[in-house]
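**Q** Take this sequence and fold it.
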Amino acid sequence: MCRIAGIISKKSQELENSITAMRDVMHRGGPDSAGIFIDESAHLAFGHRRLSLIDLSDAGAQPMHSDSGDVTIVFNGEIYNYETLKEELKAHGYSFRTHSDTEVIIKAYEQWGTGCFAKFKGMFAIALYDKRKAELILARDQSGIKPLYYYQDKEQLIFASEIRAFKALNKNWETNSSWKIYFLTYGYLPEPVTTLKRVQPLEKGTFLRFNINTYTSVKETFYKDVYTDTIQSLDEARNIIKETLIQAVQRHLIADAPIGLFLSGGIDSSLLTLIAKDFKKDDLHTLSIVFNDKNYSEKYYQDIIVEKSGSEHQSFVLDKDIFLDALPDIFEAMDQPSADGINTYFISKFAKASGLKAVLSGLGADELLGGYTSFKKSSFVNKSKLLPARLYSMAEMSPKYKYRKLSFLQRKDPVGEYLFNRGYFSRQSTSQLLDVDITEIDKALEKISVPNSISNLNEGNRVSYLESNLYMQSQLLKDTDVMSMWHSIEVRVPFLDIDFIRAVHRISPVLKFGNKQGKFLLIDAFKDILPREIWDRNKQGFVFPFRNWITADNSLITSKNPVATTNYQNGKLDWSRYWTYIISDIFKG
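**A** Model prediction:
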């Protein structure tokens, strides 16, 4: 796990200084070592900061070069099937001088070209410089777990793992004037939006091929979600869920450094812990956050899994003082504005304190297998499409924000459905708060769309796609990466293993979503090991009492907009929306 940056520029006269500035502003994501590579003839520079988890020796350092010196790589992530690929490459005549997955990527590229990306099982953001072909290739993993941002014009291409690296290159980089519209609507910036003008993420499951001679590029997709219903049998569905998840957990435990699991006490983290114990035996590490407020603490459920798994467990008490002391650092850690991410900040902070370098997380199960209330609302949304849009426009006038969200159903598309479920401020509210004409709001929001084919999916698969490709993609994964790497911790997500995802997408939606119990199929597949106390209760989620903590200190309840503050204090604006507005004020980028 690392941080990467790169520049190809006809303009730059100081490549070394520029790439060093970009690289080192991301030092917290790679504290173990740093490197640069410069090819003056190509006007190209790579920067890398390393967090060592596989092959801890200097042999695994980056930038790394091929044996011939013609291919150079910087890489952020982990390829979990690298040992299998290594054996396959040895059969093709390749030899290896390191134990790293980075060298496997280089030789896989030499053997299969860009076809290698589809072979990788893991999380990755890759930059490859092929000197012979005069090409730079950027690639991002199938689920978009690892970030990769880039800027391109006729004279340069710049890429990095974090947006802050672009500001380190040019502190006066022009801001995207519409970012607050998206943020107040979504609670995060949906891809491809960032706070900087013309800086965007490379799409997941995609590689970009940039010609160094012509400064032109093409993009190709090497993975897309495909939903089928080829698995119609409950027994077959249970078996494939069980088999592929166990294999995924085993792969995700590969490391040459201390690794553990975040145990919240919910279904997903509990299940991962119980699966992992068969592979880690006497070296199973778990950690949890607990609260003195019993309304939030899940210590009772955490203790059940600790006892059953026999893990070496550490609990960390999070209280108001610890939280408030950390707030300035939390705001500094935000690479992009987010109404969430604080939970990941603290679990990563505590993972660091416990001596771990990587932690497994249960992220992804809710999105794939129906763990959210949005799945239960899908039938209502289908029926709502029969009503005229003007009826929903009237909801904008409601004094209660939760009813104003109905106005998003004016959009007769899946994004409207998503915003009905998860949107923050309505169009009219955003217009008033930002003092921006509503036509400008509409123009901006129309740019966020999903393929038309998503409308034709079964209700459950449609919601799963939206939760995965909007909420998880642009908020959960982004927050997880930024906040964990701020503490030099790698978070791995076995539920997003590509084999597991493909298996889930093959299962009939009737089996996946037809039961009233959320994630029924996952629970049913592992009832032999998952205690009833864990799954037979209301979903709580990993939430903090931070509203109470922040409101206890009135100096933090501030906003440049007195209307927002007054509405909150009078109970007309709920906390989550007010917190979003506070972040939009505080965030400096």
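**Q** can you list the domains in this protein?
**A** Domain assignment of the chain by automatic domain parsing yields the ranges 2-221, 374-427+437-446, 546-589.
**Q** Just tell me which of those domains ends up closest to E459.
**A** E459 sits nearest to domain 374-427+437-446 of all the domains of the chain, at 3.8 Å, using CB to CB. Heads up, the C-betas are built off the backbone N, CA and C, glycines and all.
**Q** Any idea how far apart the tips of that closest one sit?
**A** This stretch, domain 374-427+437-446, spans 22 Å end to end (CA to CA, to the nearest Å).
**Q** Run through the protein and note the low-pLDDT ranges.
**A** Within the chain, the stretches with pLDDT under 70 are 1, 54-56, 539-543, 552-561, 563, 589.
**Q** Name the nearest residue to the residue most central in space within it, sequence neighbours excluded.
**A** Centroid-nearest residue in the chain, with CA atoms, centre = their mean: L477, separated by 1.2 Å. Leaving aside its chain neighbours, L477 sits nearest to I145 (5.7 Å; criterion: CB to CB, 6 or more residues apart in numbering).
**Q** quick revisit: figure out which of the domains of the chain is closest to D335.
**A** Nearest to D335, of the domains of the chain and by CB to CB, is domain 2-221 at 4.8 Å.
**Q** Just the endpoints, please. Distance across the closest one?
**A** Domain 2-221 stretches 24 Å from its first residue to its last (CA to CA).
**Q** Give me the distance from it to the chain's centre.
**A** Offset of domain 2-221 from its chain centre (CA atoms, centre = their mean, to the nearest Å): 17 Å.
**Q** How about stretch 464-478?
**A** 7 Å.
**Q** all strands of the stretch 401-550 of the chain, in order?
**A** 490-492 (DSSP state E, counting those that start in this stretch).
**Q** And the helices in it?
**A** For the stretch 401-550 of the chain, the helices defined by DSSP state H, counting those that start in this stretch occupy 401-404, 414-422, 427-434, 438-445, 459-466, 477-486, 498-506, 509-513, 520-525, 532-535, 546-551.
**Q** quick one: buried residues of stretch 206-217?
**A** By 16 or more other CB atoms under 10 Å, the buried positions in stretch 206-217 come out as T206, F207, L208, R209, F210, I212, Y215, S217.
**Q** Just give me the longest helix of the chain.
**A** Secondary structure of the chain per DSSP state H: the longest helix is helix 234-252.
**Q** who touches the next helix-or-strand element following it?
**A** Sequence-wise, the next helix or strand downstream of helix 234-252 (DSSP states H and E) is strand 259-262. Under the contact criterion CB atoms under 8 Å, 6 or more residues apart in numbering, strand 259-262 has outside partners 53, 253, 269, 272-273, 276, 284-288, 311, 347, 351, 354, 356-362, 491-492.
**Q** and after strand 259-262, which helix or strand comes next?
**A** helix 267-280.
**Q** Dump the C-alpha coordinates for the helix or strand following that following helix into CSV.
**A** Proceeding N to C from helix 267-280, the next assigned helix or strand is strand 285-290, under DSSP H and E. The C-alpha coordinates for strand 285-290 follow below in CSV (Å, rounded to 0.1, in the frame of the first residue of the first chain):
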residue,chain,number,x,y,z
HIS,A,285,-5.8,-9.8,16.1
THR,A,286,-9.0,-7.9,16.4
LEU,A,287,-9.8,-4.3,17.6
SER,A,288,-12.9,-2.5,18.5
ILE,A,289,-14.2,0.9,19.5
VAL,A,290,-16.4,1.1,22.5
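**Q** Distance from the chain centre to strand 285-290, please.
**A** Distance of strand 285-290 from the chain centroid (CA atoms, centre = their mean) equals 21 Å.
**Q** partners of it in the sheet?
**A** strand 259-262 (parallel), strand 312-317 (parallel) (DSSP bridges).
**Q** Tabulate those strands in JSON lines, adding columns for distance to E298 and mean neighbour count.
**A** As requested, those are exported to JSON lines (distance: least, CB to CB, whole Å; neighbours: other CB atoms under 10 Å):
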{"stretch": "strand 259-262", "distance to E298": "12", "mean neighbour count": "28"}
{"stretch": "strand 312-317", "distance to E298": "11", "mean neighbour count": "16"}
